[in-house]
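Q: pasted the sequence and its predicted model underneath.
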Amino acid sequence: MAADDELSAFAYTARRVARHLRWARTEGIGRLVEEDRLNPVDRIGTALAKRRWRRRAARTPGSAMPVYLVGLQRSGTNMLVRGLDSAPEVEVRNENDSTVFHRFQLRPDEVLAATIRRSRHAYVLVKPLCESHRVDELLALPGLAPGRALWVYRDVDDRARSEVAKFGDANLRALRAIADGSIGGRWQGQRLDPATVELVRDHDPQRLDPHTGAALFWYVRNSLYFDLGLSGRADVLLCRYDTLVAEPEAQIRRLCAFLDFPYHPRLHAHIAPRRSHGAPEGVSADRRLPIDARVRTLCDDLTARLAPYAARQGVPAAPDVPVAADAGSDRKAADRG
């Protein structure tokens, strides 16, 4: 099956429509409307609130703080976007924004930078999930105010369920292309070091089922948090979706402190506190997918390694202070068995 970026405009649109219809059938039309912000009343109300804010408190173009929301698809990033979009001082550029994205991938850096510089808002939130492996480069774009990044991850089982339900075996197909070298320049294979490529090959994606493939892809993409040295950066905050839904007020206050952003209850009003299956205290055995044992070990080890960073309070970075090295980077080989 061809990748999305290899399809004609007609074939790409047809695939998206079919995917949305399948999602609506399996998850319900209400879930689709909520996730894709299809309610016109909500969208118009949000747009009017932002217009009123610009009239009252518009910032000088070029002063907006870029905030990059990154991680892996189906990790709960839309929940954060919805909350931050409720704040009138935030301009949101989601993946379906054709100004800075084409087929969910960023347009050239100069387009992104020019869009951020034009903003009259205090913050510009951009969600380049396909470019999560470039977040260090995005934070270094010249001519912009110092930015921040939020890396979001989710329990591997819940994320794998959601991924396969919406996208089928897409992650597994990407892993197979990485293993056989046919991935080319597609985003799934970018900035992977030789050890990661060898690890993928060693797990033989041809024999894996879609859920195990989604779990291995979870490992590969979330390992970039350490591989890129993000764990040692003060301008990157690691956020765990499962903790966010369990204690939304506390986690949103943590995020606001990191962004130097005024807290307001509306930022989490759409999140009903609940215990997710991947809650920090663990998952019952009957909720765990039958993932290949070797892949399960990789994911469990990475989950344990991420946990202390997701609990750490964020400290905004000073632009003239060098970032610290990742103290755990020397454990990379050990993580990979």
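A: Thanks, I have it.
Q: from here on, just use CA atoms for contacts and neighbour counts.
A: OK.
Q: and the contacts of stretch 125-143?
A: 62, 66-73, 90-95, 104-106, 109, 113, 146-149, 187-188, 190-191, 221, 224, 228, 230 (CA atoms under 8 Å, 6 or more residues apart in numbering).
Q: so which of those sit within strands?
A: In strands, judged by DSSP state E, the following of the contacts of stretch 125-143 are found: 66-71, 90-93, 105-106, 148-149.
Q: which of those residues has the most neighbours?
A: For those, neighbours were counted by other CA atoms under 10 Å; the highest total belongs to Gly71, with 30 neighbours.
Q: hmm, which two among the ones in strands among the contacts of stretch 125-143 are most spread apart?
A: Largest separation among the ones in strands among the contacts of stretch 125-143 by CA to CA: Val90 and Gln105, giving 21.1 Å.
Q: a markdown table for the ones in strands among the contacts of stretch 125-143, including distance to Ala272 and pLDDT?
A: Converted to a markdown table, those look like this (distance: CA to CA, whole Å; pLDDT from 0 to 100):
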| residue | distance to Ala272 | pLDDT |
| --- | --- | --- |
| Pro66 | 28 | 98 |
| Val67 | 25 | 98 |
| Tyr68 | 25 | 98 |
| Leu69 | 22 | 98 |
| Val70 | 23 | 98 |
| Gly71 | 23 | 98 |
| Val90 | 23 | 97 |
| Glu91 | 25 | 98 |
| Val92 | 23 | 97 |
| Arg93 | 25 | 97 |
| Gln105 | 31 | 97 |
| Leu106 | 32 | 98 |
| Arg148 | 27 | 98 |
| Ala149 | 25 | 98 |
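Q: got the residue ranges for the helices in the stretch 201-337 of the chain?
A: For the stretch 201-337 of the chain, the helices identified by DSSP state H, counting those that start in this stretch occupy 210-222, 224-227, 241-246, 248-259, 293-311, 332-335, in order along the chain.
Q: of all these, which one comes closest to Ser86?
A: Across the helices of the stretch 201-337 of the chain, Ser86 has its closest neighbour in helix 248-259 (13.1 Å, CA to CA).
Q: who touches the closest one?
A: The list of residues contacting helix 248-259 from outside it, by CA under 8 Å, 6+ apart, reads 148, 237, 243-244, 262-263, 265, 267-268, 271, 273, 313-316.
Q: quick one: mean pLDDT over that helix.
A: Helix 248-259 shows a mean pLDDT of 97 in the predicted model.
Q: which residues of this protein score low on pLDDT?
A: 1-7, 10, 12-39, 276-286, 314-337 (pLDDT under 70).
Q: let's go with 90 and repeat that
A: Where the chain drops to pLDDT under 90, the residues are 1-43, 45, 273-287, 312-337.
Q: so which of the contacts of helix 248-259 is the most crowded?
A: If you count neighbours using other CA under 10 Å, the busiest of the contacts of helix 248-259 is Leu237, which has 27 neighbours.
Q: how many neighbours does Gly185 have?
A: Here the number of neighbours of Gly185 (other CA under 10 Å) works out to 8.
Q: distance check, it against Ala177.
A: Note on Gly185: its distance to Ala177, by CA to CA, to the nearest Å, is 11 Å.
Q: again, but for Ala145
A: Applying CA to CA, one obtains 38 Å for the distance of Ala145 from Ala177.
Q: repeat that for Asp204.
A: Counting by CA to CA, the gap between Asp204 and Ala177 amounts to 11 Å.
Q: and the two? which has more neighbours close in?
A: Neighbours per residue, other CA under 10 Å: of Asp204 and Ala177, the larger number sits with Ala177, 19 against 15.
Q: that one - nearest residue in space that isn't next to it in sequence?
A: Across the structure, with CA to CA, 6 or more residues apart in numbering as the measure, the residue nearest Ala177 apart from its sequence neighbours is Ile183 (4.6 Å).
Q: next, that neighbour: secondary structure please.
A: Remark: Ile183 carries the secondary structure label coil [criterion: DSSP: H, G, I helix; E, B strand; the rest coil].
Q: settle this for me: it is touching Leu192, isn't it.
A: No - checked against CA atoms under 8 Å, the pair Ile183 and Leu192 is beyond contact range at 11.5 Å.
Q: residues making contact with stretch 109-120?
A: The set of residues external to stretch 109-120 that reach it, using CA under 8 Å, 6+ apart, is 54, 58-64, 66, 91, 99-100, 106, 124, 141, 143-144.
Q: meant to ask about stretch 58-67, not that
A: Outside of stretch 58-67, the residues within contact range by CA under 8 Å, 6+ apart are 116-126, 143-150.
Q: now do the contacts for Leu267.
A: Contacts of Leu267 (CA under 8 Å, 6+ apart): Gly83, Leu84, Ser86, Ala87, Ile252.
Q: now do the fourth one against Arg51, distance only.
A: With distances defined as CA to CA, the gap from Ala87 to Arg51 amounts to 12 Å.
Q: who has more neighbours, these two?
A: Between Ala87 and Arg51, Ala87 has the larger neighbour count (other CA under 10 Å), namely 21 against 15.
Q: name the element the more buried one belongs to?
A: Assigned by DSSP states H and E, Ala87 belongs to no helix or strand.
Q: for Ile178, see how far away the residue lying closest to it once chain neighbours are set aside is.
A: Counting by CA to CA, 6+ apart, Ala87 lies nearest to Leu267, which is 7.2 Å off, once chain neighbours are set aside. The spacing between Leu267 and Ile178, counted by CA to CA, is 39 Å.
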